[in-house]
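K.L.:
coords please:
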Amino acid sequence: MKVEQLYTDCLAQGAYYIESNGEAAVIDPLREVGTYISMAADRGTKIKYVFETHFHADFVSGHLTLAQQTGAEIVFGPTATTNFECLVAEDNQEFKVGDVTIKLLHTPGHTLESSSYLLIDENGKQVSLFSGDTLFLGDVGRPDLAQKSDLTQDDLAGMLFDSLRTRIMTLADEVIVYPGHGAGSACGKNMSKETIGSIGYEKVNNYALRADMTKQEFIQEVTDGILPPPAYFPENVTLNKLGYNPENDSIDKANIALSVEEFKTKSTQAGVIILDVRSAADFVKGFIPNSIFIGIDGGFAPWVGTIIKQVATPILLVCDKGRLEEVATRLSRVGFDNVLGHLSGGVQVWEQDDLATISSISANAFDEIYQADNVIDIIDVRKEAEYKNRHIISAVFNPLSDLENDKLNSTAENFVHCAGGYRSVIACSLLKREGIHNVTNIEGGFGAIKKTDLPLSEEVCPSTL
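P.N.:
Residues are numbered from 1 along each chain as shown. Have a look, this model is predicted:
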């Protein structure tokens, strides 16, 4: 028996490959399925099942493509409805994969069809739980994504409480936990950076699994502080539920090389976004006016979905040579397939006098400005928990995920920072695109700011936030 976790940092997502005696199963695959197919081919193994823990909101799953290319059967939990052929399994239904058994445990709460998969070895021992978005390490799934007119987030949280207590916490302490996501995912709020855990450890250390917790206390704690989901989440759910084109041609589209004139012509079409994926340091020095910066070397795909929102949005790429395939792949993971091509030769071929720039200064230079005149406007675009943990005393909280233009000073310079300098450049690019040009990026973000003499709030223990 082999169990392999295939973890994707950009999405903070875990997919799983399980193999036994010539047969294999894949749980929650990414859209690009070549890795799973190659793993099976290299070992002379047939992929028998594709198990889905739920209809994912944060990425487009590879279930359809994998089933099409391998003949594997797609399995969802009870209550799931789809527009494609699949097996909607019953609670406690068991599936044989070689010599091992995979048992479906219906664990609603994150969504109604949410299920976990229990791996049982050839001797009948319960080995590991693939918990999807029901149980994370240090957290549990958010219960607000499957609300309906007759179903509130409190209702779903109550279901999640029951699922955890009756289906998961009853498992042996030594059962390994393989979660659907880790720290950085928007599917939870307090996830560990670890990607593999155990039932016993979670019972002791996960705030949501306290033995003395009442259902009402659970509902209160789980729903408190949930940020609004990124705008693209519902669209990804629809793609995963109703289907998508398995013959993904995003890479071919991205490889279309456009001249400056062709690029300019397409950029004037309705709804087109110019997406610049270079480094933040390169972007601030010169970019095509009205471009949005979302660097490929950061939390790229989730921020694309958060900022651009609609997956059908037509996109023109400005990209470093040699990274087009990577960019297209990561866009397709969150359903953004409508790429019109890229600027051949990059910004170097653009009229240099026509390039826009963003004022950007070091934290030390900003400190000097502050000390000379502390009546200045500081915009903190981090998440609420980061801001509450510690911030510059006079900073205005204005998170990137919900950037509000009216929080900026319209007449004076606004100094923008995040944690490390990635999100602040995204914010500045969005503001410049809206015609707000009196913004300056603070390089290195709060990490660099902490090393200066700028006045900061008292640090708060994250567990008390």
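K.L.:
Can you tell me how far the closest residue to Ser362 other than its chain neighbours is from Ala328?
P.N.:
Of all residues beyond its chain neighbours, the one nearest Ser362 is Glu443 (5.2 Å), with distances taken as C-beta to C-beta, 6 or more residues apart in numbering. Yep, even glycine has a C-beta here, placed from its N, CA and C like the rest. Taking C-beta to C-beta, to the nearest Å as the measure, Glu443 falls 29 Å from Ala328.
K.L.:
Which one of those two is surrounded by more residues?
P.N.:
Between Glu443 and Ala328, Ala328 has the larger neighbour count (other C-beta atoms under 10 Å), namely 25 against 21.
K.L.:
Make sure the more buried one is indeed in a helix.
P.N.:
Yes: secondary structure of Ala328 (DSSP: H, G, I helix; E, B strand; the rest coil): part of a helix.
K.L.:
Next up, phi/psi of the closest residue to it other than its chain neighbours, please.
P.N.:
Nearest non-adjacent residue to Ala328, counting by C-beta to C-beta, 6+ apart: Ala254, 3.7 Å away. The phi and psi values for Ala254, taken as degrees, to the nearest 10, are phi -60, psi -30.
K.L.:
What does the pLDDT read for Ala254?
P.N.:
What the model reports for Ala254 is a pLDDT of 93.
K.L.:
got it, and Arg210?
P.N.:
At Arg210, pLDDT is 95.
K.L.:
cool, and Ser463?
P.N.:
Ser463 is given a pLDDT of 44.
K.L.:
i'd like the first residue to be 866 from this point on
P.N.:
Got it, first residue is 866 now, which makes that one Ser1328.
K.L.:
For Tyr1109, the count of nearby residues, please.
P.N.:
Tyr1109: 21 surrounding residues under other C-beta under 10 Å.
K.L.:
isn't the residue nearest to Ala1193 right next to Glu1190, touching?
P.N.:
Yes: assessed by C-beta atoms under 8 Å, Ala1119 is found in contact with Glu1190 at 7.3 Å.
K.L.:
higher neighbour count, these two?
P.N.:
Ala1119 (25 against 12).
K.L.:
For that one, give me its contacts.
P.N.:
For Ala1119, the contacting residues are Leu1182, Cys1184, Leu1189, Glu1190, Val1192, Ala1193, Leu1196, Val1204, Gly1206, His1207, by C-beta atoms under 8 Å, 6 or more residues apart in numbering.
K.L.:
let's see it at 10 Å
P.N.:
Residues in contact with Ala1119, defined by C-beta atoms under 10 Å, 6 or more residues apart in numbering, are 1180, 1182, 1184, 1188-1194, 1196-1197, 1202, 1204-1207.
K.L.:
So which of these belong to helices?
P.N.:
Leu1189, Glu1190, Glu1191, Val1192, Ala1193, Thr1194, Leu1196, Ser1197 (DSSP state H).
K.L.:
Out of the residues you listed, the closest to Gln870 would be?
P.N.:
Thr1194 (19.6 Å; C-beta to C-beta).
K.L.:
Neighbours of the closest residue to Glu1251 other than its chain neighbours, how many?
P.N.:
Leaving out its chain neighbours, the residue that sits closest to Glu1251 by C-beta to C-beta, 6+ apart is Ala1284, at 6.3 Å. For Ala1284, the count of nearby residues is 18 (other C-beta under 10 Å).
K.L.:
surely Ala1284 meets Gly1309?
P.N.:
Yes: counting by C-beta atoms under 10 Å, Gly1309 is a contact partner of Ala1284 at 9.3 Å.
K.L.:
thinking again about what came up before, wait, the residue nearest to Ser1227 touches Ala1228, no?
P.N.:
Yes: Glu1308 is in contact with Ala1228 according to C-beta under 10 Å; the separation is 6.8 Å.
K.L.:
what touches both of these two?
P.N.:
His1282, Gly1286.
K.L.:
What separation do you get for Leu892 and Leu983?
P.N.:
One correction, residue 892 is Ile, not Leu. 12 Å.
K.L.:
Who has more neighbours out of these two?
P.N.:
Between Ile892 and Leu983, Ile892 has the larger neighbour count (other C-beta under 10 Å), namely 26 against 21.
K.L.:
Lovely, talk soon.
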